[in-house]
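>>> Generate a structure from the sequence data that follows.
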Amino acid sequence: MENLILPDSNVYIGAARAGVDPFREFAAGIDRHELEFATCGVVMLEVCRGLRDPGILQRFRERFAVMLFIPTTQQLWEHSVELAWSLDRRGHVLPAPDLLLAAHALHAGATLLTRDAHFRLIPGLRVIDRLPPV
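Down below sits the predicted model:
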């Protein structure tokens, strides 16, 4: 899906640190650009573990619950292993959670929204660092 966006945890974490609600930005993308947003378990885990306020945690969990969820399958674990092995051989050692996230995006045909440039090393992965202007 060309309009499917999978935000990396660093997008949520950066927004939270800046006092911004990332879901409002996503809503504008849905309304203006017909984007759809997805999540996966590794993103939910990385984001939610750092939230200190139980009310904010509940709000994030509610919003994650209505997003398209990309499940982690055996196939995605195997693809992550393949990515790790091939990138390592080229001298690019990426964190395991990032390789798993990339496999999710590739599997779903999603564009990865991230602040991490190392994702651009992954063949075939569409990467953006910001949403289209509203």
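
>>> Okay, buried residues for the longest helix along the chain please.
What stands out as the longest helix in the chain, according to DSSP state H, is helix 74-89. Across helix 74-89, burial judged by 16 or more other C-beta atoms under 10 Å covers 76, 79-80, 83-84, 87. The way it works is simple: take the backbone N, C-alpha and C, and place the C-beta from them, glycine included.

>>> Which other helices and strands does it contact?
Counting contacts by 3 or more C-beta pairs under 8 Å, 6 or more residues apart in numbering; DSSP states H and E, helix 74-89 packs against helix 96-108.

>>> Do a quick rundown of the strands in this protein.
Taking DSSP state E, the strands of the chain run over residues 4-7, 36-40, 68-70, 111-113, 127-128.

>>> Any idea how far apart the tips of stretch 35-51 sit?
One end of stretch 35-51 sits 26 Å from the other (C-alpha to C-alpha, to the nearest Å).

>>> How about the helix or strand of the chain with the lowest mean pLDDT, which residues are buried there?
Between all helices and strands in the chain, the lowest mean by mean pLDDT, DSSP states H and E belongs to helix 22-33, at a mean of 83. By neighbour count on 16+ other C-beta under 10 Å, the buried set for helix 22-33 is 22-23, 25-26, 29.

>>> Quick one: distance of that helix to the chain centre.
When distances are taken as C-alpha atoms, centre = their mean, to the nearest Å, helix 22-33 is centred 15 Å away from the chain's centroid.

>>> what angle separates it from strand 36-40?
140 degrees (axes from the mean of the first three to the mean of the last three C-alpha atoms, to 10 degrees).

>>> what comes into contact with helix 22-33?
3, 5, 7, 11-12, 15-16, 35-37, 63, 131-132, 134 (C-beta atoms under 8 Å, 6 or more residues apart in numbering).

>>> how much space between the residue lying farthest from the centre of the chain and residue 101?
Of all residues in the chain, residue 89 has its C-alpha farthest from the mean position, at 24.8 Å, by C-alpha atoms, centre = their mean. Remark: distance between residue 89 and residue 101 (C-beta to C-beta, to the nearest Å) = 20 Å.
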